[in-house]
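> predicted coordinates and the sequence they were generated for:
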Amino acid sequence: MEKEKKVTKAVETDIKQEWLKIKLKTPVEYQGIQVESLDLSGMDTLTGRDLNAVYDLYANMGGSGIIMQEATLLFAQLIASKVSGFPLELFYAMRAGDSVKLKNRVYRFFFLEG
């Protein structure tokens, strides 16, 4: 019975995290890296220290203001780079539609999933 609970919980966690995986409409190639999908589930493991580093980088890159930076494309790109390990420049090369999808998923993580 206990094993069934653990398996069920693991399956529920996998299903919950599925929305953090994005299949790109248009694959991106950057310096020999071919990316067809993004896995943002690493956002679950970010710490306050990680967020402070992203906020500082966001400000240093000219991010606008301190209110709702989580709703901006630049912030989403920085977070995605942090959790995926892909270089930030790869996210700059993404098509607009995929970029907006990325921005919306990051926003949803911070504001709608809690």
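Arrived safely, thanks for sending.
> from here on, contacts and neighbour counts on C-alpha atoms
Fine.
> any chance you could map the helices in this structure?
Here the chain has its helices, by DSSP state H, at 2-17, 48-60, 73-84, 88-92, 96-111.
> any idea which of the ones you listed gets closest to residue 41?
helix 2-17 (6.2 Å; CA to CA).
> low-confidence ranges, this structure, go.
1-16, 113-114 (pLDDT under 70).
> most tightly surrounded among the helices of the chain?
Mean neighbour count, computed with mean count of other CA atoms under 10 Å, is highest for helix 73-84 among these, reaching a mean of 21.
> how about it as CSV, C-alpha atoms only?
In CSV, the C-alpha atoms belonging to helix 73-84 read as follows (Å, rounded to 0.1, in the frame of the first residue of the first chain):
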residue,chain,number,x,y,z
LEU,A,73,10.6,38.5,-21.8
LEU,A,74,14.1,39.3,-20.6
PHE,A,75,13.4,37.9,-17.2
ALA,A,76,11.9,34.7,-18.7
GLN,A,77,15.0,34.3,-20.9
LEU,A,78,17.3,34.7,-17.9
ILE,A,79,15.3,32.1,-15.9
ALA,A,80,15.2,29.7,-18.8
SER,A,81,18.9,30.0,-19.3
LYS,A,82,19.6,29.4,-15.6
VAL,A,83,17.4,26.3,-15.3
SER,A,84,18.0,24.7,-18.8
